[in-house]
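Asker: Structure for the following, please:
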Amino acid sequence: GPADFNVEVNGEPVLNERERGHMRDVRTVFVGLWVLTGAALIVLGLAALAVAARPFPANDIAQALEWDVERVHHASRELVTRGLAFEMVGSYRLAHDLIREAVAQAITAAKVRRLHAALADVIEAEAGNDVQLLREALGHRVGARLPTAALAARLLASPQRRLIGRDGLHLIASISDDLA
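Answerer: Numbers count the residues shown, from 1 in each chain. Presented below is the predicted three-dimensional model:
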């Protein structure tokens with residue numbers, strides 16, 4: 001979204017002034033965390049959740065970031081304490097999509113690609129024939145600018161392929177253009 005968070009739909013503001021101020025505060029907290037000594041692990045955890053764009057289990061975050069699970073829990077507790085994330089049965093998610101967007105604007109494209117690659121590897125390894133997980137891994141591979149043909153073929157060959165859905169078909173169609 002826009003840097004000032006003045007988002008409108010059909011000419012009406014989506015956020016009131018208090019909410020826009022909160023989102024500016026979120027960006028300030030993010031940048032502040034980045035500069036603080038020792039806060040790099042918290043910020044990297046925040047960035048991983050932003051790129052994941054869904055609740056993500058602590059074990060999977062640990063695997064993607066090559067951390068031990070306790071380190072993930074520590075960083076995530078800091079995010080929860082600051083109101084930037086929620087914990088849900090061993091998984092963590094950002095508290096709001098606007099936080100995800102603010103974080104996404106603040107991290108480098110190279111860091112985003114590395115996180116997409118790490119998340120793709122973790123999800124793909126766990127996916128089996130689950131089309132939802134295969135589709136998610138494929139989306140992360142695209143975001144990482146990694147080869148996608150083998151995973152797309154695996155997705156299309158899955159016994160559950162009838163459940164790919166419209167978004168999955170659009171994703172496969174978009175990458176099929178790159179294969180020609």
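
Asker: Can you give the contact residues for the helix or strand harbouring Leu155?
Answerer: Using DSSP states H and E, Leu155 sits within helix 149-157. Helix 149-157 has contacts (C-beta atoms under 8 Å, 6 or more residues apart in numbering) with 124, 131, 134-135, 137-138, 141, 161, 164, 168, 172, 175-176, 179. Where you see a C-beta, it was placed from the backbone N, CA and C, and this is true even at glycine.

Asker: can we see that at 6 Å?
Answerer: Contact partners of helix 149-157, identified using C-beta atoms under 6 Å, 6 or more residues apart in numbering, comprise 134, 138, 141, 172, 175, 179.

Asker: ok, and the closest non-adjacent residue to the first one?
Answerer: This means Leu134. Leu155 (4.3 Å; C-beta to C-beta, 6 or more residues apart in numbering).

Asker: low-scoring stretches of the chain, by residue?
Answerer: For the chain, residues meeting the criterion pLDDT under 70 lie at 1-41, 177-180.

Asker: In CSV, list the C-alpha atoms belonging to stretch 115-130.
Answerer: Below are the C-alpha coordinates for stretch 115-130, written out as CSV (Å, rounded to 0.1, in the frame of the first residue of the first chain):
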residue,chain,number,x,y,z
LEU,A,115,13.1,-16.0,2.2
HIS,A,116,10.9,-17.2,-0.6
ALA,A,117,13.5,-19.8,-1.6
ALA,A,118,13.8,-21.1,2.0
LEU,A,119,10.1,-21.2,2.5
ALA,A,120,9.6,-23.0,-0.8
ASP,A,121,12.1,-25.7,0.2
VAL,A,122,10.5,-26.3,3.6
ILE,A,123,6.9,-26.4,2.2
GLU,A,124,7.9,-28.5,-0.8
ALA,A,125,9.7,-31.1,1.4
GLU,A,126,6.5,-31.5,3.5
ALA,A,127,3.9,-31.3,0.7
GLY,A,128,3.8,-34.9,-0.5
ASN,A,129,0.8,-34.8,-2.9
ASP,A,130,-1.1,-32.1,-1.1
